[in-house]
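**Q** Structure of the sequence below:
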Amino acid sequence: MGNVFEGDGVSLELSNGGTEVFVEVLVLAVSDLAEDEWDHRFAALLTWQDQNVRGRGAVGFDLRDIAWGSTPAECTRAKDFVLRSVDLALTGHRWDELGYDPPFVRDHLRRFRSMVASFTPTPADGPGDGFPSPEERAATSCVRHRVLSALPHQGGCLLCASR
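**A** Just a heads-up that it's a prediction; the model follows:
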């Protein structure tokens, strides 16, 4: 069983282990770059991919379901944040804190980056189907791992749960 991340007809299918690593390295990057509410909502979306909470093989999201913003400028800014986060993750940012070597995640990140780069977000007024609301944003940080957490809406720190 695996997990699927989609965008405009392109899919990134990952094993359960591959998904765990993919999400962990992205959370490390997103946590260090997040500045505004949308960034924290995207961080919450990543924490929602915790298979310890949602179940193995039961996570993933479609880029079309993300509330990118209500104006073209907001959509561009949100997409840029995701691309910057992926780029930071690709540098190996904080991977020394994982306690393991993620040998395949760079390929997964490159494929995800390509999906996001080719995706054209559409302004929408709604919260997005399956995208965290402002109230569900990742507003707390794990003291131990220094990553954003969606408490109390989620079980806790993604990294604490996987250790």
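
**Q** distance of the residue most central in space within the chain from Asp39?
**A** The residue lying closest to the centre of the chain (CA atoms, centre = their mean) is Leu46, at 3.4 Å. Leu46 sits 11 Å away from Asp39 when distances are taken as CB to CB, to the nearest Å. Any C-beta I mention is one placed from the backbone N, CA and C, and that applies to glycine too.

**Q** and for the two, which residues touch both?
**A** Val30 (CB atoms under 8 Å, 6 or more residues apart in numbering).

**Q** still on that earlier bit, mind pulling the model confidence for the residue nearest to the centre of the chain?
**A** You'll see Leu46 listed with a pLDDT of 90.

**Q** Now for it: which residues touch it?
**A** Taking CB under 8 Å, 6+ apart as the criterion, Leu46 is in contact with 23, 26-27, 30, 138, 158.

**Q** again, only this time at 10 Å
**A** 22-24, 26-27, 29-31, 59, 61, 85, 132, 138, 147-148, 150, 158 (CB atoms under 10 Å, 6 or more residues apart in numbering).

**Q** again, but for Thr91
**A** Listed by CB under 10 Å, 6+ apart, the contact partners of Thr91 are 29, 106.

**Q** Relative to Val25, how far out is it?
**A** Using CB to CB, we find Thr91 at a distance of 10 Å from Val25.

**Q** Nearest residue to Thr120 in space, please, no chain neighbours.
**A** With CB to CB, 6 or more residues apart in numbering as the criterion, Thr120 has its nearest non-adjacent residue at 7.8 Å, and that residue is Asp8.

**Q** shared neighbours, Thr91 and Val25?
**A** Arg106.

**Q** Neighbours of the residue nearest to Val116 when sequence neighbours are not counted, how many?
**A** Ranked by CB to CB, 6+ apart and with sequence neighbours excluded, the top spatial neighbour of Val116 is Val82, at 5.2 Å. Close neighbours of Val82, defined as other CB atoms under 10 Å, add up to 24.

**Q** tell me which element His108 falls in.
**A** Following DSSP states H and E, the helix or strand that holds His108 is helix 105-118.

**Q** Measure how far stretch 76-94 is from the centre of its chain, please.
**A** Here stretch 76-94 shows a centroid-to-chain-centroid distance of 10 Å under the convention CA atoms, centre = their mean, to the nearest Å.
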